[in-house]
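>>> what follows is a predicted protein model with its sequence.
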Amino acid sequence: MTSPVKLTIRRPDDWHVHLRDGAVMAGVLHWTARQFGRAIVMPNLSPPVTSVEAASRYRQRILEALPAGVDFTPLMVAYLTDASDPDELARGFAEKVFAAAKLYPAHATTGSAHGVTDIARIRPALERMAGIGMPLLVHGEVTDADIDVFDREAVFIKRTLAPLVRDLPELKVVFEHITTEEAAQFVLASGSNVAATITPQHLHINRNAMLVGGIRPHAYCLPVAKRENHRLALRKAATSGSAKFFLGTDTAPHRVETKEAACGCAGIFNAPFALESYVTVFDQEGALDRFEAFASENGPRFYGLPLNEGTVTLERAAVVVPDRFETGDIALVPFHAGETLGWRMAVQPSTSATGT
Ligand code: DOR
Ligand code: ZN
């Protein structure tokens, strides 16, 4: 059987993006909006997006920065802090400003300084969310100095996530950007209220990509890429056909000078070739027939949102990823910089992005 040359799928969504704000947002937003009908927009701005008012204003700034004629819906997220008010979360969810709330353990990653110091402190917020069906999005890493950075996700499952899921069985939980075999197994073994996003980078690279032959800051993100067995487990999960796994790029742009530094920022800018990167993995795994569910169906079904209308078409053709993108005085290095991918987007998505 010859492999298909073109693959047309329902227009997908990105369930985890960092769009940033101001000039960086203006330079990166079009990459996400040209591929995806909707995106879950991370709230780790400075200051973080903690109130309904701040989320509404941020959403408005995103809509104003969109290229003309592009139909794209940003889905906003509340940033949880020790002081999160259950009433504010519930009001934002009821008013359809907040699609979800995000748990950043304090100091786990970029923009998490105001995060949660102890999950017990947000118990009232989590109970309210469970009651109203508001999803909790989790950055799943412990921050204890004595825990090796490569073990932080697995330890988080044992110490925090497993007890949480056991104690609040109604709570919808998205375990974001999973990086380990343990995480994939945990999600599979949990009820239908627990799902996970998987990034392109964690499907493509293991930790050697960061460390062999020199230190490569553009392969550094958090949670950090792990050993090869974990990458293989994630590829298996993503392409398994399980409805618990869906697309979330975690595209996280940082100016090149803040990546290529003595203390470089965590984050991989994968938005420009995100679909091409994912479909390459599904192709390599012989699972092109499962790509549409992962990219366009499992996410909205978990969130209880309609599937998008319209389609995107990918075609088998060589595409060279540029070494960098420049926008104003900002330079960004994309994931796969300098590589040739075997797929490219063929047809722009139709303008009808979301269903009713
Ligand atoms: O690599 C990362 N970058 N991981 C995160 O959790 C945050 C993100 C960012 O905001 O740059
Ligand atoms: Zn993220």
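Structure received. Ligands and ions are numbered 1, 2, ... in the order given.

>>> next, the residue nearest to residue 41 when sequence neighbours are not counted: secondary structure please.
Setting aside the residues directly before and after it, residue 41 is nearest to residue 74 in space (CB to CB, 6 or more residues apart in numbering), at 4.9 Å. Yep, even glycine has a C-beta here, placed from its N, CA and C like the rest. Residue 74 carries the three-state label strand when classified by DSSP: H, G, I helix; E, B strand; the rest coil.

>>> quick one, what contacts residue 74?
19, 38-39, 41, 59, 62-63 (CB atoms under 8 Å, 6 or more residues apart in numbering).

>>> in helices, which of these fall?
Applying DSSP state H to the contacts of residue 74, the entries found in helices are 59, 62-63.

>>> so which residues on the stretch 1-150 of the chain come close to ligand 1?
When proximity is defined by CB under 6 Å from any ligand atom, the stretch 1-150 of the chain lies next to ligand 1 at 18, 44, 109-111, 139.

>>> ok, so of the residues you listed, who is nearest residue 291?
For those, the residue nearest residue 291 by CB to CB is residue 18; the value is 23.6 Å.

>>> so how far is residue 212 from the closest one?
Distance from residue 18 to residue 212, counting by CB to CB, to the nearest Å: 27 Å.

>>> which one of these two has more residues nearby?
For residue 18 against residue 212, the residue with the higher neighbour count under other CB atoms under 10 Å is residue 18, and the figures read 25 against 10.

>>> quick check: ChimeraX command selecting the buried ones in the contacts of residue 74.
Listed next is the ChimeraX selection for buried residues among the contacts of residue 74, using 16 or more other CB atoms under 10 Å:
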select :19,38,39,41,59,62
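
>>> tell me where the stretch 1-150 of the chain has strands.
6-10, 14-17, 38-41, 73-79, 98-103, 136-138 (DSSP state E, counting those that start in this stretch).

>>> just name the most buried of the ones you listed.
Most buried of the strands of the stretch 1-150 of the chain by mean neighbour count (mean count of other CB atoms under 10 Å) is strand 14-17; its value is a mean of 28.

>>> elements contacting that strand?
Contact analysis of strand 14-17 by 3 or more CB pairs under 8 Å, 6 or more residues apart in numbering; DSSP states H and E lists helix 22-35, strand 38-41, strand 245-247 as its packing neighbours.

>>> circling back: closest one to residue 174 out of the ones in helices among the contacts of residue 74, please.
Where the ones in helices among the contacts of residue 74 are concerned, and distances follow CB to CB, residue 174 has its nearest neighbour in residue 59, at 19.7 Å.
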